[in-house]
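Engineer: curious how this folds, go ahead:
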Amino acid sequence: MIDYNIQTSNGFPCTRSFGKTDINGPESQYDLKNRTTDQSSLNQALSSSHSFSRMQPSKTILVTGASGFVAAHIIEAFISAGYDVRGTVRSEATAEKVRRTFPRYGEQLSFAIVPDIVKDGAFDEAVKGVDGIMHTACPGAIETDSNERDIVQPAISGTINILKSAQKHGLQVKRIVITSSFASMIDMSKGTWPGHTYSEKDWNPMTYEQAVSEGTSSVQAYLAAKKVAERAAWDFVRDENTSFDLVTILPPMIYGPNINATHVSQLNITSADIYRFMSPDSKPSDPIPDNGFWSWVDVRDVAQAHLKAYEVPEAGGERFFICAGNYSYQQIADILREKVPEVKDRVPIGKPGSGFGGVELYTPDAGKSQRILGLRYRGLEESAVDSAYAFLELEKHSN
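Structural biologist: Sure, this is the predicted structure:
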């Protein structure tokens with residue numbers, strides 16, 4: 001995983017932190033293997049936003065996968081804005097853990113137990129009485145002998161299940177925001193693709209058939225599953241003429257302070273990605289690894305993107321690439337050595353000031369999120385420094 005920086009509900013979104021199955025419902029059938037989505041139909045789904053007045057606080061928002069790294073910040077953002085939040089978790093024990101993360105919120109935070117999100121009707125009870133849904137949960141395994149069974153099917157099923165439940169039982173739901181991923185956009189075959197500008201117009205070109213084939217790595221299948229699941233969501237909203245509209249959020253690598261871990265051993269993968277440069281086991285002579293992915297965003301900005309995607313009427317029916325820019329591990333090491341003196345003697349030196357190491361990169365274009373959602377992105381220095389001091393605080397409780 002570290003070689004590719006894959007993040008489950010914990011950071012390279014699925015934020016989890018990725019069907020040959022047909023998704024069968026009583027009224028319709030979603031056979032992702034045998035159907036294709038023509039671009040005009042997809043554009044229709046993307047542009048068909050329902051009548052939607054600006055959302056006001058004192059409403060209840062469902063956040064699926066509430067124990068995740070990104071979900072914790074989404075919960076924080078919505079409750080801070082005056083909303084009540086209902087989080088889905090797999091067990092009461094997990095619910096109690098999330099409660100301890102937010103002790104001051106009391107009755108503003110409640111839970112629905114959903115043991116298995118890929119089961120039909122998994123969210124039927126959870127969606128009742130909520131006004132909007134932030135769908136961050138995404139099942140799936142990275143190490144597997146069956147991409148179809150363990151990665152692609154669960155990604156599609158988990159996504160379609162929340163939409164089905166909302167359509168049948170979420171009578172108040174007006175908008176669903178799905179945490180998708182840059183994985184749904186990226187063309188891995190192009191590498192760093194110098195000269196290309198990635199935007200919401202881009203789609204991962206891998207097909208369902210390619211994702212589930214024996215020759216496809218689980219990492220590639222994971223990335224393709226995000227695309228296939230997102231396409232399935234747009235198809236559902238279009239074909240079922242849903243009472244709610246849809247927004248998808250597409251972040252790349254997600255960094256920033258972790259607010260739900262209680263021990264450094266519990267850090268999600270992308271948090272651990274930075275912590276490894278400053279852990280007590282790290283030393284200046286350690287090599288700095290090459291990047292697997294080059295674009296990033298701070299988790300707090302991802303959370304704000306979800307909040308604004310719910311509140312801003314014009315966001316309905318849109319995809320949003322949520323990205324602060326490109327980065328390198330060398331840049332992170334340089335920042336930590338210069339700005340966090342407490343860990344200077346731990347951080348690998350590498351080649352200070354070498355930036356991207358001469359690698360020519362694609363350009364990420366997140367202008368749409370700035371224009372429509374009004375986002376202003378944190379810089380890499382702020383994100384890395386805030387993360388480092390959060391990790392140092394966590395170390396005090398980890399010994």
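Engineer: distance of residue 312 from residue 231?
Structural biologist: Relative to residue 231, residue 312 is positioned 24 Å away (Cβ to Cβ, to the nearest Å). From N, CA and C alone the C-beta is placed, and that goes for glycine too.
Engineer: by contact count, what packs against the helix or strand containing residue 222?
Structural biologist: Element membership for residue 222, per DSSP states H and E: helix 218-239. Judged by 3 or more Cβ pairs under 8 Å, 6 or more residues apart in numbering; DSSP states H and E, helix 218-239 is in contact with strand 29-31, helix 39-47, helix 153-169, helix 208-212, strand 245-250.
Engineer: what's the mean pLDDT across it?
Structural biologist: Rounded to a whole number, the mean pLDDT of helix 218-239 is 96.
Engineer: now it: buried residues?
Structural biologist: In terms of neighbour count (16 or more other Cβ atoms under 10 Å), helix 218-239 has its buried residues at 218-238.
Engineer: for residue 175, list each beta-bridge partner.
Structural biologist: residue 132, residue 245 (DSSP bridges).
Engineer: that one touches residue 308, doesn't it?
Structural biologist: No: between residue 175 and residue 308 there is no contact under Cβ atoms under 8 Å: 11.6 Å.
Engineer: those two: which is more packed in?
Structural biologist: For residue 175 versus residue 308, the count of surrounding residues by other Cβ atoms under 10 Å is larger for residue 175: 26 against 21.
Engineer: and that one, how far from residue 244?
Structural biologist: With Cβ to Cβ as the criterion, residue 175 and residue 244 are 6 Å apart.
Engineer: run the angle between the helix holding residue 222 and helix 153-169 for me.
Structural biologist: 20 degrees (axes from the mean of the first three to the mean of the last three Cα atoms, to 10 degrees).
Engineer: doesn't residue 297 belong to a helix?
Structural biologist: No: looking at residue 297 with DSSP: H, G, I helix; E, B strand; the rest coil, it is strand, so not inside a helix.
Engineer: where does the stretch 201-350 of the chain have low pLDDT?
Structural biologist: Applying pLDDT under 70 to the stretch 201-350 of the chain flags no residue at all.
Engineer: which element is the closest residue to residue 274 other than its chain neighbours on?
Structural biologist: Leaving out its chain neighbours, the residue that sits closest to residue 274 by Cβ to Cβ, 6 or more residues apart in numbering is residue 387, at 5.3 Å. Taking DSSP H and E as the criterion, the element that holds residue 387 is helix 380-396.
Engineer: next one: residue 331
Structural biologist: Here residue 331, judged by DSSP H and E, is contained in helix 329-339.
Engineer: got the confidence number for residue 392?
Structural biologist: Confidence score, pLDDT, at residue 392: 97.
Engineer: quick check: it touching residue 342?
Structural biologist: Yes: between residue 392 and residue 342 a contact is recorded at 6.1 Å, counting by Cβ under 8 Å.
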